[in-house]
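In: Attaching a predicted model along with its sequence, questions to come.
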Amino acid sequence: QVQLVESGGGLVQAGGSLRLSCTASGGTFRTYAVAWFRQAPGKERGFVAHISSSGRFTYYGDSVKGRVTISRDNAKNMVFLQMNSVKVEDTAVYYCAARSGWATGRVAEYNFWGQGTQVTVSS
């Protein structure tokens, strides 16, 4: 079992930057692929980015590609989401999730979730 806690959310102006963190405890974190998802009010939870267990492979959703970077530090049991040039439509609760095996962009394939952190982008 791995427990995940997100942090770093808050209020940011459009065009600004924000770095989200996901801290893991329990389990063997370095063996888990991790993804970030987000959910805006009234919308389904959607894929943002994922990273392989080693950190060598990353993949981004179309809506954030070029503006977001996912990274991890397995020595610190942490995954990061650097968000640049944020837009109002990036406003959502951001969740990190972990799974054994390959990283995917599918919500249903992740069995460990954090509680989420709110990101609000003002115009």
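Out: That came in fine, so what should we check first? Numbers count the residues shown, from 1 in each chain.
In: Could you count how many residues lie near residue 14?
Out: Neighbours of residue 14 under the rule other CB atoms under 10 Å: 14. Quick note: C-beta positions are derived from backbone N, CA and C, even for glycine.
In: my bad, should have said residue 54
Out: Neighbour number of residue 54 under other CB under 10 Å is 11.
In: Tell me how many other residues crowd the residue lying closest to residue 117 once chain neighbours are set aside.
Out: Counting by CB to CB, 6 or more residues apart in numbering, residue 117 lies nearest to residue 9, which is 3.4 Å off, once chain neighbours are set aside. Number of residues near residue 9 (other CB under 10 Å) recorded here: 17.
In: ok, now residue 102?
Out: Residues lying near residue 102 (other CB under 10 Å) number 11.
In: Can you classify the nearest residue to residue 109 once chain neighbours are set aside by secondary structure?
Out: Ranked by CB to CB, 6+ apart and with sequence neighbours excluded, the top spatial neighbour of residue 109 is residue 99, at 5.9 Å. Using DSSP: H, G, I helix; E, B strand; the rest coil, the three-state assignment for residue 99 comes out as strand.
In: Residue 99 against residue 112, yeah?
Out: Yes - here residue 99 reaches residue 112: they are 7.0 Å apart, a contact under CB atoms under 8 Å.
In: so what sits against both of these two?
Out: In terms of CB atoms under 8 Å, 6 or more residues apart in numbering, residue 99 and residue 112 are both contacted by the residues residue 32.
In: Now residue 8: closest residue in space, sequence neighbours ignored.
Out: residue 20 (4.2 Å).
In: phi, psi of that neighbour?
Out: When read as degrees, to the nearest 10, the backbone of residue 20 gives phi -90, psi 150.
In: Give me the distance between it and residue 100.
Out: Distance, residue 20 to residue 100, by CB to CB, to the nearest Å: 22 Å.
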